[in-house]
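Student: Let me see the structure of the following:
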Amino acid sequence: MSNHISLHMVSTGNELPGYRIVRPMGIVRGITVRSRSVIGNLGAALQTLVGGNISIYTELCEHAREEAFELMLQHAAERGAHAVIAMRYDTNDVAEGVTEVLAYGTAVMVEPQA
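Tutor: Next up, the predicted model:
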C-alpha cells in the first residue's frame with residue numbers, strides 16, 4: 001500500500017477504509033452564499049412551463065456545493081489535516097432568492113493501516 005496521503009480523501013462515514021485515524025483536528029467548513037439572477041429566474045420560469053429538470057437551478061446548486069466543498073478542503077489543509085470524515089452539506093435561505101450552502105466535516109490526520 002502506498003504511503004501517499006492526499007487531502008482529497010473525504011468520506012461521509014466516520015472512517016476511511018485502509019487508514020487509521022491518528023488525530024482528530026476539529027470541525028472544518030466551507031460556506032458560500034449565492035443568489036439567483038433575474039435572468040436566471042426568467043430562464044427557470046420558462047423551464048417550469050415545459051416541466052422536468054430545471055437545469056438553471058441545478059447548475060447553480062452544483063456550483064454552490066462545489067465551491068463550499070473546495071472551501072472546506074482549504075480549511076482542512078490550513079489545519080494540516082490529511083482527510084475529512086463525516087462530511088455533510090446543509091443549506092439555508094438567508095433572504096428571498098439568497099441561499100447559504102455549507103459543507104462541513106471533521107478534519108483528521110490519518111496513516112495507512114499495516
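Student: Count the residues that sit near residue 107.
Tutor: 25 (other C-beta atoms under 10 Å). For glycine as for every other residue, the C-beta is placed from the backbone atoms N, C-alpha and C.
Student: what's downstream of the helix ranked longest in the chain, the next helix or strand?
Tutor: The longest helix of the chain (DSSP state H) is helix 55-78. Using DSSP states H and E, the helix or strand that directly follows helix 55-78 along the chain is strand 83-95.
Student: Who are the packing partners of that next one?
Tutor: In this structure, strand 83-95 packs against strand 9-10, strand 19-35, helix 55-78, strand 98-112, with contacts taken as 3 or more C-beta pairs under 8 Å, 6 or more residues apart in numbering; DSSP states H and E.
Student: Using a markdown table, lay out the ones you listed together with mean pLDDT.
Tutor: A markdown table is the format used below for these (pLDDT from 0 to 100):
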| stretch | mean pLDDT |
| --- | --- |
| strand 9-10 | 94 |
| strand 19-35 | 94 |
| helix 55-78 | 88 |
| strand 98-112 | 94 |
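Student: Please identify the most buried of those.
Tutor: Of these, the one with the most neighbours on average (mean count of other C-beta atoms under 10 Å) is strand 98-112, at a mean of 19.
Student: So what are the sheet partners of it and their directions?
Tutor: Paired with strand 98-112 in the same sheet, following DSSP bridges, are strand 19-35 (antiparallel), strand 83-95 (antiparallel).
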